[in-house]
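J.: structure for the following, please:
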Amino acid sequence: MKIKKLAALMMTVVLAAGLAACGNSGDGKSGEDAKSPGGSSGESGDSGEDKKGNGDVIEIKLPTYKAGENVGAVFFLPQVERFNKQYEGQYQITIEEVPQAGYADKIKQLAQQNQLPVLVHAPGSGGIDAQWFKQVVLENDMAYDLTEFAEAHPETDQNWIPDSKDFCTVDGKLICCPLSVLKPVGLYYNSSMYSADKDIRDMTVDEFIESLGDNKLAFQTAENGWTTALMLTDLIANEEGGADLLNNSAADKLWDYNDPAFVNGVAKLQKMLQENASSNTVGAAYADAANAFMSKSAAIICNGSWMASEFAEGSEDKWSNDFKGSDVKATIYPGNIAIANPKMYGDFWVSNNASDEEKEVAEAFLAFCNSQEEVEALLLAEGGTAPQLTYSDEFKEELKKDPILFQLSESMNDDTTYCVGLGDVFPSSVADTEFGKLLPKLIDNSLTPEQFCQELTKKAEDAKQ
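T.: Okay, here's the model as predicted:
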């Protein structure tokens, strides 16, 4: 899929400190319970109930994994606080912290009990898989139709990415809030360790591998194998028919990995894992991969724009072995590939069993989150582009303050191919667990590339059961 360069849309300044990425499109691990905006966490059995304990204030509980130490909490919790402040005396959202590993099971259990919370994270986040969403939520009419909401809020509707809105429209119903922000994922390299005659973007895969020499990449096999999966996405996308294979599988997932483009991509990944992987790759979680890069044990890491804050002044406590954030440069992948998927769900859907008052709060929150001010705040905090937005002058001034994200923005041009990542095409169990578990067998030659793809296909078939 080709997309013309979005004029005046630039990767943005990351102001939130301490962000770290993880497997599904930027989600991280949830840590210990943290203080929640609007109150402390509680049981979710009454998460669908509104409360009017404070006069006429309508209160809803929002179970979320974007709390505690989860990377998403850095922006999301203050956003909820801003909403509560803006609608003080009218609406109140109380956060209930749920560990990311248990979020999907919790939501599925609540769905069985007909006690869904008013707002639910969209498929593709928090372990919620699209297959369950379609077979359970949509088939049982559990998702509230947001069509009338869109019509009543044209200022919100106009900020949504058209491809995402089309994707979120099923049988004429807008069953999920669409995306306003797209976050193309590229890579970072340490210019004090790695240099080449031309931009990585302009290299073929073979040229890139040859240019590595003895330099290492910060790969990982634990968790969802995030950084490794990003590189494999590029390797597949550079094979004949590979980009189409991935892009055409975003809606209904890819279940068979025996296509030559996939096998050939895995073969090249195997070579890179065996010759150019950081020494801690086997068993490495995301934090280990990030540490390898910021301790100069690896010269390159594949990751999203949200990592840029790790290289800014004030993040020196994360650096070691003479690493300097000023040495970090950003670009996209060999073959002029950027990883992004506009044809996907946004952040939330609304439960159809919510009361009218609860839906009123939910709609107000969705309008708030998709307002120009909040979209620009999100871009400044986590990076990305908002294709439908005309940026404010104040926002443009802030954009000038982060050279790394400017580099990432400028690396995309009219010929850039945008390709969905493996995390968007794998069923959730394969993306979250099985892919990473099989990678060590690829490294030690227990599996050939062909066998690796066969085993991965079996795991996907098991996920259908």
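
J.: mind listing the strands for the stretch 51-200 of the chain?
T.: Using DSSP state E, counting those that start in this stretch, the strands of the stretch 51-200 of the chain run over 58-64, 91-97, 119-121, 169-170, 173-174, 186-190.

J.: just those strands: most buried one?
T.: Ranked by mean neighbour count under mean count of other CB atoms under 10 Å, the strands of the stretch 51-200 of the chain are led by strand 119-121, which reaches a mean of 27. Backbone N, C-alpha and C define where each C-beta goes, glycine included.

J.: tell me the mean pLDDT for that one?
T.: Strand 119-121 comes out with an average pLDDT of 98.

J.: number the chain from 38, please
T.: OK, 38 is where the count begins now, so the last one is strand 156-158.

J.: ok, it: who's next to it in the sheet?
T.: Strand 156-158 has its sheet partners listed here by DSSP bridges as strand 385-387 (antiparallel).

J.: what's the first helix or strand after the partner strand?
T.: helix 393-406 (DSSP states H and E).

J.: follow-up on the earlier one: now for the strands of the stretch 88-237 of the chain, which one comes closest to Thr470?
T.: strand 156-158 (19.0 Å; CB to CB).

J.: now distance to Glu434 too, for the strands of the stretch 88-237 of the chain, in a markdown table please.
T.: Formatted as a markdown table, the strands of the stretch 88-237 of the chain follow (distance: least, CB to CB, whole Å):
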| stretch | distance to Glu434 |
| --- | --- |
| strand 95-101 | 32 |
| strand 128-134 | 31 |
| strand 156-158 | 33 |
| strand 206-207 | 36 |
| strand 210-211 | 35 |
| strand 223-227 | 24 |
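
J.: can you say which of those is nearest to Asp182?
T.: Closest to Asp182 of the strands of the stretch 88-237 of the chain, according to CB to CB: strand 210-211, at 4.3 Å.

J.: that closest one - what's its average pLDDT?
T.: 98.

J.: equivalent analysis for stretch 233-242, please.
T.: Computed over stretch 233-242, the mean pLDDT rounds to 96.

J.: for the strands of the stretch 88-237 of the chain, which one sits closest to Asp384?
T.: Asp384 lies closest to strand 156-158 among the strands of the stretch 88-237 of the chain, at 6.8 Å (CB to CB).

J.: who touches that closest one?
T.: 97, 99, 101-102, 140, 144, 165, 384-388, 399, 402 (CB atoms under 8 Å, 6 or more residues apart in numbering).

J.: ranking these by neighbours, who comes first?
T.: In terms of neighbours by other CB atoms under 10 Å, these top out with Thr101 at 30 neighbours.

J.: return the set of residues that bridge with that residue.
T.: Under DSSP bridges, the beta-bridge partners of Thr101 are Glu134.

J.: Gln257 contacts Ala322, doesn't it?
T.: Yes: counting by CB atoms under 8 Å, Gln257 touches Ala322, with 6.2 Å between them.

J.: picking up where we left off before, what's the closest of the strands of the stretch 88-237 of the chain to Asp293?
T.: Judged by CB to CB, the one of the strands of the stretch 88-237 of the chain that comes nearest to Asp293 is strand 206-207, at 24.7 Å.

J.: and stretch 306-314, what's buried?
T.: Leu306, Gln307, Met309, Leu310, Asn313, Ala314 (16 or more other CB atoms under 10 Å).

J.: closest to Asp461 among those?
T.: Leu306 (17.9 Å).

J.: where does that closest one land in three-state SS?
T.: Three-state call for Leu306 (DSSP: H, G, I helix; E, B strand; the rest coil): helix.

J.: wait, it touches Thr270, no?
T.: No: with contact defined as CB under 8 Å, Leu306 does not count as touching Thr270 (10.1 Å).

J.: measure Gln488 to Asp93 for me?
T.: Gln488 sits 64 Å away from Asp93, going by CB to CB, to the nearest Å.

J.: neighbouring contacts of stretch 220-228?
T.: So stretch 220-228 is contacted by 48, 62-63, 237, 267, 330, 333, 336-344, 348, 360, 364-370, 375-377, 419-422, 441, 445, 448-449, 455, 458 (CB under 8 Å, 6+ apart).

J.: apply 7 Å and report the result again.
T.: For stretch 220-228, contacts defined as CB atoms under 7 Å, 6 or more residues apart in numbering pick out 63, 267, 333, 336-342, 344, 364-370, 375-377, 420-421, 445, 448-449, 455, 458.

J.: for stretch 204-219, same thing?
T.: By CB under 7 Å, 6+ apart, the list of residues contacting stretch 204-219 from outside reads 159, 175, 180, 182-184, 187, 196-198, 201-202, 377, 379-386, 403, 407, 412, 415-416, 421-424.

J.: name the SS class of Ala418, please.
T.: Using three-state DSSP, the structure places Ala418 in helix.

J.: what's the burial count for it?
T.: 21.

J.: just checking, it touches Ala110?
T.: No: counting by CB atoms under 7 Å, Ala418 does not reach Ala110; the two are 11.5 Å apart.

J.: pretty sure Ser332 is touching Lys361, no?
T.: No: look at Ser332 against Lys361 with CB under 7 Å: they stay out of range, at 11.8 Å.

J.: who has more neighbours out of those two?
T.: Neighbour count, other CB under 10 Å: between Ser332 and Lys361, Ser332 has more, with 17 against 14.

J.: any idea how far Asn378 lies from Glu353?
T.: Separation of Asn378 from Glu353 (CB to CB): 34 Å.

J.: compare those two (neighbour count), which wins?
T.: Neighbour count, other CB under 10 Å: between Asn378 and Glu353, Asn378 has more, with 26 against 12.

J.: for that one, which non-adjacent residue is spatially closest?
T.: Nearest non-adjacent residue to Asn378, counting by CB to CB, 6 or more residues apart in numbering: Val457, 3.9 Å away.

J.: which residues touch that neighbour?
T.: By CB under 7 Å, 6+ apart, the residues touching Val457 are Leu283, Asn284, Ala287, Asn378.

J.: minimum pLDDT in those residues, which residue is that?
T.: Ala287 (84).

J.: need the three-state assignment for that residue.
T.: Classified using three-state DSSP, Ala287 is coil.

J.: surely it and Lys380 touch.
T.: Yes: using CB under 7 Å, Ala287 makes contact with Lys380 at a distance of 5.5 Å.

J.: which of those two has more neighbours?
T.: Ala287 (21 against 18).

J.: and Thr494, helix, strand or coil?
T.: Under the three-state scheme (three-state DSSP), Thr494 adopts helix.
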